[in-house]
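# okay, structure incoming, though there's no sequence with it:
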């Protein structure tokens, strides 16, 4: 997982909303601004927001954060399921659990 020295910031509506024609004309400046400020640029067409531009580093960092949140959400679901199973007395003893895990490991490791 990549880490950034600065977190991505929320776009400022007075600075970071750019019409497409201006965006096209000032593309190099937009590249530099997103890298410097860590704020995405909102691009408009016909007065409506259509796209967002952000630096590659910020995009990768955002993607990593999304993946981490998905994993945490999945783990939280597993924990909640375990709590429900325990509350419903739907449990197995330790030996049965480890035997089951060992069988799963052997199936996935051994041909």
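Yep, it's here. These numbers were taken from a predicted model, which means no experiment stands behind them.

# C-alpha from now on. contacts and neighbour counts both.
Will do.

# tell me, how many residues neighbour residue 55?
Neighbour count for residue 55, taken as other Cα atoms under 10 Å: 21.

# tell me, what residue is most central in the chain?
What sits nearest the mean C-alpha location of the chain, by Cα atoms, centre = their mean, is residue 66, with 1.2 Å.

# tell me the SS of it?
Secondary structure, DSSP: H, G, I helix; E, B strand; the rest coil: residue 66 is helix.

# pLDDT score for it?
For residue 66, the pLDDT comes out at 90.

# now do residue 26
96.

# do residue 99 as well
Looking at residue 99, its pLDDT stands at 89.

# where does it sit: helix, strand or coil?
For residue 99, the assignment made with three-state DSSP gives helix.

# compute the number of surrounding residues for it.
11.

# with residue 64 instead?
Using other Cα under 10 Å, residue 64 has 15 neighbouring residues.

# same check on residue 8?
Counted with other Cα under 10 Å, residue 8 comes out at 19.

# renumber starting at 667 from here on
That works, and once the first residue is 667, the last one we named lands at residue 674.

# measure it to residue 727 for me?
8 Å (Cα to Cα, to the nearest Å).
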